[in-house]
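Trainee: Kindly return the folded structure for what I paste below:
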Amino acid sequence: MSNQGVATDGTSSKAGEVKISEESKSLQGGKKLSVLIVDDDQLIQMMHVALVKASGVDAEILIAENGEVAVDLCRSGKSFDLILMDKHMPIMDGVRATRELRKMGVKSMIIGVTACSMDYEVKPFIEAGLNECYQKPLDPEMTKSILAKLSKGN
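Mentor: Numbering: from 1, shown residues only. Presented below is the predicted three-dimensional model:
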């Protein structure tokens, strides 16, 4: 599998280059989490990275610029505690990616993050296998709460 479209510090990668950030914060007594951010918008990627880092959990953060990259990462054996999935992306959207991940048996918590607000727009995304769905931008306190629960194994 190529690492094209994957980054680990909130910046885009170039042609197979993976950038690694050693920066993380620890939540006392919590396990290290693996978080995948799936979004084609670099500003949103950076916002999600900042929210995860600000939460105080020890987390490895990977970024996939579309659903196909996310599916390929999971197919290659990488597992995640949390996947933050955008709905509208090029190549493979969040609905199709979520459906594929669930078909593959991925048990990660998948949270849809979308600008869509109408029920008819969000319903197919939820039906694809999301655990939860929120509107952009994510609320910092809600994000911290989800990450804290995951780091404690809840």
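
Trainee: Grab the nearest non-local neighbour of M142.
Mentor: Y134 (7.2 Å; CB to CB, 6 or more residues apart in numbering). Bear in mind the C-beta positions are built from the backbone N, C-alpha and C, glycine included.

Trainee: Am I right that the one you found sits in a helix?
Mentor: No. Using DSSP: H, G, I helix; E, B strand; the rest coil, the assignment for Y134 is strand, not a helix.

Trainee: For it, give me its contacts.
Mentor: Residues in contact with Y134, defined by CB atoms under 8 Å, 6 or more residues apart in numbering, are I111, G112, V113, T114, M142.

Trainee: And the fourth one, how close does it get to P124?
Mentor: Distance, T114 to P124, by CB to CB, to the nearest Å: 11 Å.

Trainee: Also the last one?
Mentor: When distance is defined by CB to CB, M142 is 23 Å away from P124.

Trainee: swap in the third one?
Mentor: Here the criterion is CB to CB. By it, V113 lies 15 Å from P124.
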